[in-house]
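> Just to be clear, the model below is a prediction. Sequence and coordinates:
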Amino acid sequence: MTQPFTQANVLRYMRNVAYQHEDKVTGEVNLTSLAEAAADAFGENAPGGPLDDESHWIWEAAARFSS
C-alpha cells in the first residue's frame, strides 16, 4: 500500500474490503480479520505494532463495521 497509515486511509480501506470478512451464514464482519488485513495492507503487521496494542485506533476502526 502506498498510502500513509492514517485513520482516514485505514477506514477507507476497511470500507472497501469489509465484505470480504463477512461470515457467509451470519453476515457479521470478522473484526479481527478486518484489522489484520488492514495492518497487512499498510505494512503495519510487525510484532509490537498496532495489532499488539489493544488500545490502538485500528481496533476502533474495525469495530465501526460490526453489525
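Happy to help now that I have it. Numbering: from 1, shown residues only.

> tell me the average confidence for the host helix or strand of R12?
Using DSSP states H and E, the element containing R12 is helix 7-17. Averaging pLDDT along helix 7-17 gives 98.

> Now do the buried residues in whichever helix or strand comes after it.
Remark: after helix 7-17, the chain's next helix or strand is helix 31-41, criterion DSSP H and E. Across helix 31-41, burial judged by 16 or more other CB atoms under 10 Å covers L31, S33, L34, A35, E36, A37, A38, A39, A41. Where you see a C-beta, it was placed from the backbone N, CA and C, and this is true even at glycine.

> can you list the residues that contact the helix holding R12?
1, 3, 34, 37-38, 41-42, 57-58, 61-62, 64-65 (CB atoms under 8 Å, 6 or more residues apart in numbering).

> CSV please, covering these and showing pLDDT and distance to T26.
Shown next, in CSV, are the contacts of helix 7-17 (pLDDT from 0 to 100; distance: CB to CB, whole Å):
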residue, pLDDT, distance to T26
M1, 62, 29
Q3, 94, 31
L34, 98, 15
A37, 98, 19
A38, 98, 21
A41, 97, 24
F42, 97, 28
W57, 98, 26
I58, 98, 23
A61, 98, 21
A62, 98, 17
R64, 97, 18
F65, 95, 14
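
> Which of those residues sits closest to P50?
Nearest to P50 among the contacts of helix 7-17: I58, at 4.5 Å, using CB to CB.

> quick one: contacts for that closest one?
V10, A35, A38, A39, E44, P50, L51.
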